[in-house]
Each structure stands twice: as structure tokens, then as C-alpha cells.
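Colleague: Whatever this is, show me its structure:
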Amino acid sequence: MRLRSTAAEHTLAVRLPEGLAPEMVTVCAKKGTRLSVVADLWHLECDSHYEWEVAFAPLDVDMRSVKAVFEPDGQLVIHIRRRSGIPDGLESPRICASS
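Modeller: The predicted structure follows:
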């Protein structure tokens, strides 16, 4: 998963494997400013589960603004709006992957 940050938003992007449909992806906000992304190819036994957790600095993002877009080419793009008036020097978001 790749992260691109601007003063206005964080954008997360990942190319998902062929055959993975939007209904096989779950994006949810967790306690605080954490975001969970799970993609599961239900019909395959091997290399079929992908999971990421993204932790943002406290007060950095508006978790109500999370928008996930599943592109036709298999790329999942997630936009998260940053709060205005954020002080400089906030910790960068941390992405943890597991399978």
C-alpha cells in the first residue's frame, strides 16, 4: 500500500489481485484515528487474504471523510481528508500489513 500526503488529504493506494471484486473488500474506521482494510478472495485457498491497518496521528484526519474507490484496473484508492489548522511536525501515518 502506498501513501501520498498533501496538506488537504492523505491518499492510500494499492493494486489488488485480479479477480478481487469490491464486495470482497472491507474498509472500516477503528477506535481513534485508525483505518482497517481487508481484502479476501473467498474462492482461493492460497495468497487470498490481504490486510492493512493505517494509524494516523491524533487530530490529523477527519475519519468521517473516508472515501474508498475501487478503480476498474483493480486499484483501491482511499481518500482521507486532513483537518484544517494542523500543526507542523505531526507523525506520518503508519501502515502495517499482514496476510
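Colleague: Residue ranges in the protein under the pLDDT threshold?
Modeller: The chain contains residues with pLDDT under 70 at 43-47, 87, 99.
Colleague: gap between the residue lying closest to G19 once chain neighbours are set aside and M24?
Modeller: Closest residue in space to G19, ignoring its immediate chain neighbours: L41 at 6.1 Å, by CB to CB, 6 or more residues apart in numbering. From N, CA and C alone the C-beta is placed, and that goes for glycine too. Distance, L41 to M24, using CB to CB, to the nearest Å: 6 Å.
Colleague: count of residues packed around C96?
Modeller: C96 has 11 neighbours, counted by other CB atoms under 10 Å.
Colleague: likewise V61?
Modeller: Neighbours around V61, by other CB under 10 Å: 22.
Colleague: For the helix or strand hosting H10, buried residues please.
Modeller: Here H10, judged by DSSP states H and E, is contained in strand 9-15. Within strand 9-15, the residues scored as buried using 16 or more other CB atoms under 10 Å are 10, 12, 14.
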